[in-house]
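[1] what's the 3D shape of this:
(2 chains)
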Amino acid sequence: MTLGTRRLRAALLTGALALMAAAPARAADDGQVKDFLLDNGMEVVVIPDHRAPIVTHMVWYKIGSADEPPGKSGIAHFFEHLMFKATTNHAAGEFDRAVSEIAGSNNAFTSYDYTAFHETVPPSALEQMMGFEADRMRNLILTDDVIKTERDVILEERRSRIDSNPQAVLDEEVDATLWQNQPYRIPVIGWMQEMEQLNRPDAKAFYDNYYRPNNAVLVVAGDVELDAVKAMAERTYGKVARGPDLRPRIRPVEPEQNTKRTVTLTDARVSVPSFSTQWVVPSYHTGKPGEAEALDLLAEILGGGNRSRLYQELVVKQGIASEAAAYFQGTMLDATNFTVYGAPRGDAKLADVEAAVDAEIARIVKDGVSDDELERAKTRYVRSMIFARDKQDDMANMYGSTLATGGNVKDVEEWPDRIRKVTADEVKAVAARYLVFDRSTTGYLLPQQQAGN
Amino acid sequence: MTMEHASDFASPLLGAEGRGEIRGSHTGGDLAKRGRMRGVPAWQGRRSVQHPSTVSALRADPSSPTRGEGGRVHRAFVTLCFALFFLLLPALAARAEMNIQEVKSKKGVTAWLVEDHSIPLIAIRFVFDGGSAQDPAGKEGLVNLMTGLFDEGAGGLDSDAFQQKLDDAGAEMSFQAARDGTYGTMRMLSQEKNEAFDLLKLAVNQPRFDQAPIDRIRAQVLSGILANERDPNTVAQQRWLRAIYGEHPYSRSDEGTKDSLATITADDIKAFHKANFARNGLHVAVVGDIDAATLGGKLDEVFGDLPERQTLAPVADVTPRLGQQLEVNYNLPQTSLQLAWPGVKRSDPGFFATVLMNQILGGSTFTSRLFSEVREKRGLAYGVSSDLVDNEHSHALLVTTATRSDRAAETLSIVRQVVKDMAENGPTEEELAAIKKYMIGAYAISNLDSSSSIAATLVELQVDNLGIDYMKRRAALIDAVTLADVKAAAKKLLSVDPAVMVIGPPLVQVAGDGKG
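    Predicted structure coming up:
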């Protein structure tokens, strides 16, 4: 049980890093993050960390599911899978075997705003990894056979992740209701009927449009020197021709929202009900200065862990909830969501929990937050950045996701200072401006009536 | 939501423990774990894709790096403090190898320490022998409940005051009940180590177990149990455990049941705490910004005044009952398959031969035989894998996958053919050479990627009695395994008729689905 654990990762979600001056560094350049551009437009970020002879190598493409053409949902994620197939220079599986042979690890992931590929290897293998990544950026061989088999895999993935799980089914439809126009309404994995139709021409078009050095960010974190990384990157990625300029990532945005919406799923597999309420709020990329920072602090104070208002009031004092929390996902290219959720315990009803959550939000909107709780929340965030330095992949992910969603290295480094500057009034103001029940979306997951059981 | 190429997800059946991750709370964040989070960045999403099931089958819990020699290495990133393996990575030899010191305090508490002053934090992990298998009959869930109470008041501090101080100190503290051990961890900033260790001392020595927190945490655990009582995978896992383990304590759920939880009193918890938190069952590891002398003092403060001897109930060894087929029929869009063969004891001379065999069979994420046959060639599943499950009193090799229901019989048949081929012919020389190289080098990446995971690894090495020089010896142990050894291990374990569980619509048999 980890009830006592601070929710460190809440802070990581903000995509930030503090360079703690107090930390004695083993090597002169430890923590000195540098970035530069290759001639073909590829961005490179180097995060030295000499504690271990290991390096994490990541390529982030500024392409995610929210960039997909209409009717082709799931193509971004499908394409991520296809990147593991044969190229003109390497047979299928050769890259995986090469990573395995040097005892490294590799994988990839897709989200709304980006797709990333990564390997963790000894530094001596870094250039080899760059060579493989640069190769598959342009040289994939896509055949109908490859497409058909891998499409079956993503259909199984959808069944595993979504269709087998009532909570995931509900979440998907809550998203489709929360977002009336913005592409975040479409699931990353895609809608089943569209996934089934994805084909080679779709994949080829997607590849040619987006898998280009001028649409990619290379993040190298670990036991490496800046100059060496630069030279290797130029010898590998530097050889890939720049692609046509990409259009700015201007996607449909939300119209004014005027309604309170509810989405309900009843399912025989559910026995304890739960709810979530979501609002459309600005992200770090779309918000006015300080707004996203204030939302991060609001989420922490309202529902960030077991010292939060929701936990203390609903779980501890009133004893009506088994859980109650809030979160904000700020590292997004477009407007994002702020979420509260809860589930009842004992004899309490779901409606009691929802009303109590709403009351806590109303209290912050009306009375704001105290200086003490604001300071505590800030301290937790800033401190968590020291913990983050203990994991190379956390560091690489912070920079990669920030750069792939319209931010830069400075944004990451200055985040703790911006957090420190947020005032209690600003936290109250974002709560009042955005957490308005008349324009919210609530999802209910409910048990089926006993008769059906 | 974040999607991934590989399947660190495919087997909800294993639960978090089977994947070498530390279990999350049942009470906080279950909703989040169900994948609620839209747009969560990758590092979050990957961790949050877990089935909320409270029962996991045949687990190797918790995060068990040495026992998990056969475990998969998913997306393991690395930040380890020092170089470890130089046999195959000669470039690393120039670096300091990880220096593990044995620290013995004045009062005689020992810990393994890796000093690393490059980041101002300290991670401590410890375990007391005896976990949820110690739950008295009728009081199942006791140890798990106890582990939820250490930050709910200790010494002169009530729940609220304790948590406030923990927050002030900026420390993270948690306790977990595993089958055979009760684990504690703390991560702290070194400049606030005095405050943090003071709180740990209170929690370990003087937990209050006040009635109000007991009732609240009990209610939260109960909510988790109720929430899963109609979940097909949870129900199926409970049936599986009973079928495999019979009446043995391993057949029970850590969380207990509605009835058993209701019977647990504060006195029960205090009695177990007293019996369990004693020095002869304690193993401690510390990593980070602290020197041996300072640590010695802290060890005495935290553990020095505990009783000398544990008083634990004996737990019998149990051989899983294989050779049976369990169908749990639900109308689901996908069918989950789970197959168990015999495993191997950590102390068995054939341990590494079995580990290497398992890795070739289904342990390696993208290059294993099962991955190739089930996913790459046929697109039958998103995830398929084999794991060695190693509890103190029971061992198994577990294969799991999930596939569209109309092809479940075909998938089962392919899995059994792959296993049969391994049993009859073993791996090739080339496969063995490649996997040895991988296993030797990957240990650091998969087990030592942060201060916390180094500490966790060092604790398991102590639990398994492998010696402080194990990491230096490990490569040679693996290199010494011959093809004949691996073939013999495969034949011995995989020729046995497995236990098979099918969760989903009734299985439609296909021609040629022979037993493997």
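
[2] mind listing what's buried along the strand or helix carrying B:E424?
    Per DSSP states H and E: B:E424 is located in helix B:408-425. Residues B:408-416, B:418-419, B:421-423 are the ones in helix B:408-425 that count as buried (16 or more other C-beta atoms under 10 Å in any protein chain shown). Every C-beta, even on glycine, is put in place using the N, C-alpha and C of the backbone.

[3] compute the number of surrounding residues for whichever residue of the stretch 401-516 of chain B sits closest to chain A.
    Of the stretch 401-516 of chain B, the residue with the smallest distance to chain A, taken as C-beta to the nearest C-beta, is B:G441 at 2.4 Å. By other C-beta atoms under 10 Å in any protein chain shown, the residues close to B:G441 number 24.

[4] what strand or helix carries it?
    Element membership of B:G441 [criterion: DSSP H and E] is helix B:429-447.

[5] so which bits of that helix are buried?
    Using 16+ other C-beta under 10 Å as the test for burial, helix B:429-447 gives B:431-432, B:434-447.

[6] what's the pLDDT at the nearest residue to A:I63 once chain neighbours are set aside?
    Spatially, and ignoring its direct neighbours in sequence, A:I63 is nearest to A:Y210 (4.0 Å; C-beta to C-beta, 6 or more residues apart in numbering or on different chains). Note for A:Y210: predicted pLDDT of 98.

[7] A:Y210 touches A:Y61, doesn't it?
    Yes: between A:Y210 and A:Y61 there is a contact under C-beta atoms under 8 Å: 6.1 Å.

[8] looking at these two, which one has more neighbours?
    A:Y61 (23 against 19).

[9] can you list the weak-confidence ranges in the chain?
    Let's take chain A. Filtered on pLDDT under 70, chain A yields the residue ranges A:1-31, A:450-453.

[10] my question was about chain B
    Along chain B, segments meeting pLDDT under 70 span B:1-97, B:509-516.

[11] show me where it has strands.
    Secondary structure of chain B (DSSP state E): strands at B:3-4, B:101-104, B:110-115, B:121-129, B:153-154, B:157-158, B:172-177, B:181-189, B:282-288, B:325-329, B:334-342, B:381-391, B:394-404, B:499-504.

[12] make TSV out of those strands and add distance to A:P166 and mean neighbour count.
    TSV is the format used below for the strands of chain B (distance: least, C-beta to C-beta, whole Å; neighbours: other C-beta atoms under 10 Å in any protein chain shown):
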stretch	distance to A:P166	mean neighbour count
strand B:3-4	19	26
strand B:101-104	50	15
strand B:110-115	44	22
strand B:121-129	36	26
strand B:153-154	37	24
strand B:157-158	39	18
strand B:172-177	28	25
strand B:181-189	32	25
strand B:282-288	41	25
strand B:325-329	17	16
strand B:334-342	14	24
strand B:381-391	19	27
strand B:394-404	16	27
strand B:499-504	16	24
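
[13] now those as JSON lines including distance to A:R269?
    Below are those laid out as JSON lines (distance: least, C-beta to C-beta, whole Å):
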{"stretch": "strand B:3-4", "distance to A:R269": "23"}
{"stretch": "strand B:101-104", "distance to A:R269": "50"}
{"stretch": "strand B:110-115", "distance to A:R269": "45"}
{"stretch": "strand B:121-129", "distance to A:R269": "35"}
{"stretch": "strand B:153-154", "distance to A:R269": "36"}
{"stretch": "strand B:157-158", "distance to A:R269": "39"}
{"stretch": "strand B:172-177", "distance to A:R269": "26"}
{"stretch": "strand B:181-189", "distance to A:R269": "31"}
{"stretch": "strand B:282-288", "distance to A:R269": "40"}
{"stretch": "strand B:325-329", "distance to A:R269": "13"}
{"stretch": "strand B:334-342", "distance to A:R269": "13"}
{"stretch": "strand B:381-391", "distance to A:R269": "20"}
{"stretch": "strand B:394-404", "distance to A:R269": "16"}
{"stretch": "strand B:499-504", "distance to A:R269": "12"}
